[in-house]
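>>> build the 3D model from these lines:
(2 chains)
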Amino acid sequence: AQTVTQSQPEMSVQEAETVTLSCTYDTSESDYYLFWYKQPPSRQMILVIRQEAYKQQNATENRFSVNFQKAAKSFSLKISDSQLGDAAMYFCAYRSETNQGGKLIFGQGTELSVKP
Amino acid sequence: DTGVSQDPRHKITKRGQNVTFRCDPISEHNRLYWYRQTLGQGPEFLTYFQNEAQLEKSRLLSDRFSAERPKGSFSTLEIQRTEQGDSAMYLCASSPLTNTEAFFGQGTRLTVV
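Residues are numbered from 1 along each chain as shown, chains lettered A, B, ... in the order given. From the prediction side, this is the model:
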(Lines give C-alpha, C1' and ligand atoms only; values in the text may rest on other atoms or scores of the structure.)
Protein backbone atom coordinates (compact mmCIF):
# COMPACT_ATOMS: atom_id res chain seq x y z
CA ALA A 1 0.00 0.00 0.00
CA GLN A 2 1.13 3.51 -0.71
CA THR A 3 1.90 5.92 2.11
CA VAL A 4 2.68 9.62 2.26
CA THR A 5 4.62 11.20 5.10
CA GLN A 6 4.99 14.86 5.99
CA SER A 7 7.43 15.14 8.86
CA GLN A 8 6.95 18.84 9.57
CA PRO A 9 3.69 19.45 11.47
CA GLU A 10 4.33 23.21 11.52
CA MET A 11 6.50 25.63 9.59
CA SER A 12 6.91 29.36 9.76
CA VAL A 13 8.26 31.85 7.24
CA GLN A 14 8.77 35.57 7.11
CA GLU A 15 6.79 37.44 4.50
CA ALA A 16 8.72 37.69 1.20
CA GLU A 17 11.06 34.87 2.23
CA THR A 18 11.27 31.34 0.85
CA VAL A 19 10.13 28.18 2.61
CA THR A 20 10.35 24.50 1.71
CA LEU A 21 7.85 21.89 2.86
CA SER A 22 8.95 18.27 2.86
CA CYS A 23 7.13 15.16 1.73
CA THR A 24 8.21 11.56 1.28
CA TYR A 25 6.16 8.70 -0.05
CA ASP A 26 6.37 4.99 -0.45
CA THR A 27 5.16 3.04 -3.44
CA SER A 28 6.13 0.11 -5.61
CA GLU A 29 4.48 1.65 -8.65
CA SER A 30 6.39 3.45 -11.39
CA ASP A 31 3.55 5.55 -12.76
CA TYR A 32 1.76 7.94 -10.46
CA TYR A 33 0.98 11.58 -9.74
CA LEU A 34 1.97 13.73 -6.83
CA PHE A 35 0.16 16.83 -5.64
CA TRP A 36 0.37 19.62 -3.15
CA TYR A 37 -2.98 20.87 -1.88
CA LYS A 38 -3.58 23.97 0.21
CA GLN A 39 -6.34 24.11 2.80
CA PRO A 40 -6.91 27.60 4.25
CA PRO A 41 -8.81 27.82 7.55
CA SER A 42 -12.51 27.06 7.03
CA ARG A 43 -12.11 27.00 3.28
CA GLN A 44 -11.96 24.26 0.74
CA MET A 45 -8.86 22.48 -0.35
CA ILE A 46 -7.36 23.74 -3.59
CA LEU A 47 -4.68 22.31 -5.83
CA VAL A 48 -1.36 24.12 -5.69
CA ILE A 49 0.79 22.07 -8.01
CA ARG A 50 0.90 18.69 -9.71
CA GLN A 51 3.78 16.44 -10.83
CA GLU A 52 3.61 13.44 -13.13
CA ALA A 53 6.11 10.78 -12.09
CA TYR A 54 7.22 10.12 -15.66
CA LYS A 55 8.31 13.73 -16.10
CA GLN A 56 11.86 14.47 -15.02
CA GLN A 57 11.33 18.20 -15.09
CA ASN A 58 10.12 19.69 -11.82
CA ALA A 59 6.73 21.38 -11.98
CA THR A 60 6.46 25.12 -11.42
CA GLU A 61 3.40 27.33 -10.88
CA ASN A 62 4.30 30.98 -10.38
CA ARG A 63 5.82 31.23 -6.87
CA PHE A 64 5.40 27.51 -6.22
CA SER A 65 7.83 24.86 -7.39
CA VAL A 66 8.63 21.29 -6.47
CA ASN A 67 11.77 19.26 -6.09
CA PHE A 68 10.81 15.78 -7.25
CA GLN A 69 13.36 13.09 -6.51
CA LYS A 70 11.84 9.86 -7.81
CA ALA A 71 14.59 7.52 -6.67
CA ALA A 72 14.53 8.98 -3.18
CA LYS A 73 10.70 9.13 -3.22
CA SER A 74 10.82 12.72 -2.13
CA PHE A 75 8.54 15.55 -3.23
CA SER A 76 9.15 18.91 -1.57
CA LEU A 77 7.30 22.17 -2.17
CA LYS A 78 9.14 25.49 -2.35
CA ILE A 79 7.20 28.69 -1.87
CA SER A 80 9.09 31.78 -2.97
CA ASP A 81 8.29 35.36 -1.98
CA SER A 82 5.88 34.14 0.70
CA GLN A 83 2.68 36.13 1.14
CA LEU A 84 0.28 36.40 4.06
CA GLY A 85 -2.31 34.58 1.97
CA ASP A 86 -0.06 31.54 1.79
CA ALA A 87 -0.80 30.74 5.43
CA ALA A 88 -2.70 27.44 5.43
CA MET A 89 -2.43 23.69 5.89
CA TYR A 90 -0.51 22.09 3.06
CA PHE A 91 -1.07 18.47 2.15
CA CYS A 92 1.08 16.29 -0.03
CA ALA A 93 -0.93 13.66 -1.90
CA TYR A 94 -0.32 10.62 -4.07
CA ARG A 95 -2.48 9.26 -6.88
CA SER A 96 -1.85 5.99 -8.60
CA GLU A 97 -1.85 5.86 -12.36
CA THR A 98 -2.81 2.19 -12.45
CA ASN A 99 -5.69 2.61 -10.00
CA GLN A 100 -8.16 4.09 -12.40
CA GLY A 101 -10.34 5.36 -9.62
CA GLY A 102 -8.09 8.30 -8.93
CA LYS A 103 -8.36 8.34 -5.16
CA LEU A 104 -5.82 10.46 -3.33
CA ILE A 105 -3.62 9.35 -0.46
CA PHE A 106 -2.72 12.29 1.75
CA GLY A 107 0.04 13.03 4.19
CA GLN A 108 -0.64 14.38 7.66
CA GLY A 109 -0.21 17.98 6.60
CA THR A 110 2.08 20.90 7.42
CA GLU A 111 0.63 24.04 8.93
CA LEU A 112 2.38 27.06 7.43
CA SER A 113 2.29 30.41 9.15
CA VAL A 114 3.54 33.58 7.49
CA LYS A 115 4.89 36.39 9.67
CA PRO A 116 4.48 39.96 8.47
CA ASP B 1 -21.08 26.63 -11.79
CA THR B 2 -19.68 27.60 -8.42
CA GLY B 3 -17.83 24.42 -7.56
CA VAL B 4 -18.47 21.47 -5.30
CA SER B 5 -21.20 22.18 -2.79
CA GLN B 6 -21.77 20.35 0.48
CA ASP B 7 -24.71 20.57 2.84
CA PRO B 8 -24.91 21.08 5.74
CA ARG B 9 -21.67 22.82 6.64
CA HIS B 10 -22.01 21.85 10.28
CA LYS B 11 -23.97 19.13 12.01
CA ILE B 12 -24.22 18.38 15.72
CA THR B 13 -25.97 15.16 16.62
CA LYS B 14 -26.46 12.95 19.61
CA ARG B 15 -24.79 9.60 19.75
CA GLY B 16 -26.97 6.93 18.22
CA GLN B 17 -28.75 9.22 15.79
CA ASN B 18 -28.59 8.92 12.02
CA VAL B 19 -27.20 11.72 9.87
CA THR B 20 -27.12 12.33 6.14
CA PHE B 21 -24.85 14.66 4.20
CA ARG B 22 -25.25 15.83 0.66
CA CYS B 23 -22.67 16.67 -1.99
CA ASP B 24 -23.35 18.39 -5.30
CA PRO B 25 -20.35 17.97 -7.59
CA ILE B 26 -19.32 20.20 -10.42
CA SER B 27 -21.67 19.62 -13.34
CA GLU B 28 -20.63 16.81 -15.66
CA HIS B 29 -17.89 15.55 -13.37
CA ASN B 30 -18.13 11.78 -13.66
CA ARG B 31 -16.18 10.96 -10.51
CA LEU B 32 -17.20 11.79 -6.99
CA TYR B 33 -15.19 11.03 -3.86
CA TRP B 34 -15.86 11.08 -0.14
CA TYR B 35 -13.06 11.61 2.36
CA ARG B 36 -12.96 11.91 6.13
CA GLN B 37 -10.60 14.30 7.88
CA THR B 38 -10.02 14.27 11.62
CA LEU B 39 -8.37 17.14 13.47
CA GLY B 40 -4.71 17.51 12.63
CA GLN B 41 -4.74 14.76 10.03
CA GLY B 42 -4.91 14.54 6.28
CA PRO B 43 -8.08 13.41 4.54
CA GLU B 44 -8.66 9.65 4.32
CA PHE B 45 -10.45 8.10 1.39
CA LEU B 46 -13.85 6.59 2.10
CA THR B 47 -15.47 5.79 -1.23
CA TYR B 48 -15.83 6.88 -4.82
CA PHE B 49 -18.39 6.84 -7.59
CA GLN B 50 -18.03 6.88 -11.31
CA ASN B 51 -21.36 8.19 -12.52
CA GLU B 52 -23.93 6.27 -10.44
CA ALA B 53 -21.74 3.24 -9.75
CA GLN B 54 -19.93 2.96 -6.43
CA LEU B 55 -16.64 1.43 -7.54
CA GLU B 56 -14.51 1.41 -4.42
CA LYS B 57 -15.05 1.49 -0.69
CA SER B 58 -12.39 1.85 1.97
CA ARG B 59 -12.19 -0.49 4.93
CA LEU B 60 -12.83 2.68 6.95
CA LEU B 61 -16.39 2.59 5.66
CA SER B 62 -18.07 0.43 8.25
CA ASP B 63 -21.51 -1.11 7.86
CA ARG B 64 -22.99 1.96 9.51
CA PHE B 65 -21.92 4.08 6.55
CA SER B 66 -23.70 4.09 3.23
CA ALA B 67 -23.28 6.30 0.20
CA GLU B 68 -25.39 6.75 -2.88
CA ARG B 69 -25.21 8.70 -6.09
CA PRO B 70 -28.55 8.30 -7.82
CA LYS B 71 -28.55 9.24 -11.50
CA GLY B 72 -24.88 10.09 -11.30
CA SER B 73 -25.48 13.60 -10.04
CA PHE B 74 -25.48 14.54 -6.35
CA SER B 75 -24.37 12.09 -3.68
CA THR B 76 -25.44 11.39 -0.11
CA LEU B 77 -23.44 9.91 2.72
CA GLU B 78 -25.45 8.46 5.59
CA ILE B 79 -24.09 7.43 8.96
CA GLN B 80 -26.37 5.29 11.07
CA ARG B 81 -26.16 5.00 14.86
CA THR B 82 -23.48 7.66 15.10
CA GLU B 83 -20.60 7.23 17.53
CA GLN B 84 -18.29 9.84 19.02
CA GLY B 85 -15.49 8.49 16.84
CA ASP B 86 -17.46 9.59 13.79
CA SER B 87 -16.81 13.22 14.67
CA ALA B 88 -14.78 14.60 11.76
CA MET B 89 -14.88 16.75 8.66
CA TYR B 90 -16.44 14.90 5.73
CA LEU B 91 -15.10 16.14 2.42
CA CYS B 92 -16.52 15.60 -1.03
CA ALA B 93 -14.54 16.01 -4.22
CA SER B 94 -15.28 15.58 -7.89
CA SER B 95 -13.29 15.28 -11.08
CA PRO B 96 -13.86 14.63 -14.75
CA LEU B 97 -12.71 11.32 -16.17
CA THR B 98 -9.88 12.83 -18.17
CA ASN B 99 -8.38 15.10 -15.54
CA THR B 100 -6.28 14.16 -12.55
CA GLU B 101 -7.28 17.23 -10.57
CA ALA B 102 -9.91 16.75 -7.88
CA PHE B 103 -12.03 19.72 -6.82
CA PHE B 104 -13.06 19.76 -3.19
CA GLY B 105 -16.07 21.12 -1.38
CA GLN B 106 -15.85 23.00 1.91
CA GLY B 107 -16.84 19.91 3.84
CA THR B 108 -19.41 19.01 6.47
CA ARG B 109 -18.16 19.13 10.03
CA LEU B 110 -19.87 16.50 12.15
CA THR B 111 -19.82 16.62 15.92
CA VAL B 112 -21.29 13.68 17.82
CA VAL B 113 -22.12 14.46 21.44
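>>> and the pLDDT for the residue sitting furthest away from the middle of chain B?
Centroid-distance maximum for chain B: B:T98 at 21.5 Å, with CA atoms, centre = their mean. pLDDT for B:T98: 78.
>>> can you tell me the SS state at it?
coil (DSSP: H, G, I helix; E, B strand; the rest coil).
>>> that one and chain A, how far apart?
To chain A, B:T98 is 11 Å away according to CB to the nearest CB, to the nearest Å. In short, each C-beta sits where N, CA and C put it, glycine included.
>>> do B:S94 as well
11 Å.
>>> tell me which residues form a beta bridge with that residue?
B:S94 forms beta bridges with B:L32, B:F103, as assigned by DSSP bridges.
>>> pull the contacting residues for it.
B:V4, B:C23, B:P25, B:I26, B:H29, B:R31, B:L32, B:Y33, B:A102, B:F103 (CB atoms under 8 Å, 6 or more residues apart in numbering or on different chains).
>>> residue contacts, residue 24?
If you meant another chain, say so; for now it's chain A. A:V4, A:T5, A:S7, A:A72, A:K73, A:S74, A:F75.
>>> wait, chain B was what I had in mind.
B:V4, B:S5, B:Q6, B:D7, B:S73, B:F74.
>>> which of the helices and strands in chain B ranks last by mean pLDDT?
strand B:53-57 (a mean of 93; mean pLDDT, DSSP states H and E).
>>> report the closest residue of chain A relative to chain B.
Nearest to chain B, among the residues of chain A, is A:F106, at 3.2 Å (CB to the nearest CB).
>>> and the contacts of stretch A:47-64?
So stretch A:47-64 is contacted by A:30-38, A:65-68, A:70, A:75, A:77-83, A:90, A:97, B:100-102 (CB under 8 Å, 6+ apart).
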